[in-house]
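S.K.: Predicted model follows, preceded by the sequence.
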Amino acid sequence: MGSGKSHKTLHLFPNPIEIERFKEWILSIGGDILGLDNEYIFKQRRVCHAHFEEKYCCRNNRISNIAIPTINLPKPISLPIFTLSERRPLRQTEYCSKPVPSTSSGCTADFTTTFIESDFTEKENIESMINIQLQFHKENEVLKKND
């Protein structure tokens, strides 16, 4: 952290075995550290003494075991709301080539498509949706060429 040269004391991160305390430090600091491996952070990263409130300071530049870095930190970035709440599986629609009569008024297409809904995890949903979209576009290209 860029806190200047006035404080040279650096503190180790809590052991990732104490996951709740470790997460509090990580979330408090934020930034690029969020994308790093926990073990790497624990072994390689340090937090300057200037980031701890006076109430957490003990003798010999040590900090209390309940200390959390809370001061002189970069401003938090705005995160989309979905990152702050629990994510649920997305609904996915799958392309089904079996023709089904259209219920839409004013539909002039000679073909119809059906979509089937199912639950997927986010990663599966994204990968499957890309494949479905590619397949759909290929089939539409074939239909356009035949017209």
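M.R.: Yep, it's here.
S.K.: quick one, what contacts residue 11?
M.R.: Listed by C-beta atoms under 8 Å, 6 or more residues apart in numbering, the contact set of residue 11 reads 46-49, 52, 63, 67. Backbone N, C-alpha and C define where each C-beta goes, glycine included.
S.K.: Show me the two of the residues you listed that sit farthest apart.
M.R.: Largest separation among those by C-beta to C-beta: 46 and 67, giving 13.5 Å.
S.K.: Those two: which has the busier surroundings?
M.R.: Per other C-beta atoms under 10 Å, whichever of residue 46 and residue 67 has more neighbours is residue 67, with 21 against 12.
S.K.: Remind me which helix or strand that one belongs to.
M.R.: Using DSSP states H and E, residue 67 falls within no helix or strand.
S.K.: Not counting its neighbours along the chain, what's nearest it?
M.R.: Nearest residue to residue 67 in three dimensions, chain neighbours excluded: residue 56, at 3.6 Å (C-beta to C-beta, 6 or more residues apart in numbering).
S.K.: That neighbour: how many residues sit nearby?
M.R.: 19.
S.K.: so what's it up against?
M.R.: 63-64, 66-68.
S.K.: and what of residue 46?
M.R.: 10-13.
S.K.: Dig out what it forms beta bridges with.
M.R.: As for beta bridges, residue 46 partners with residue 12 under DSSP bridges.
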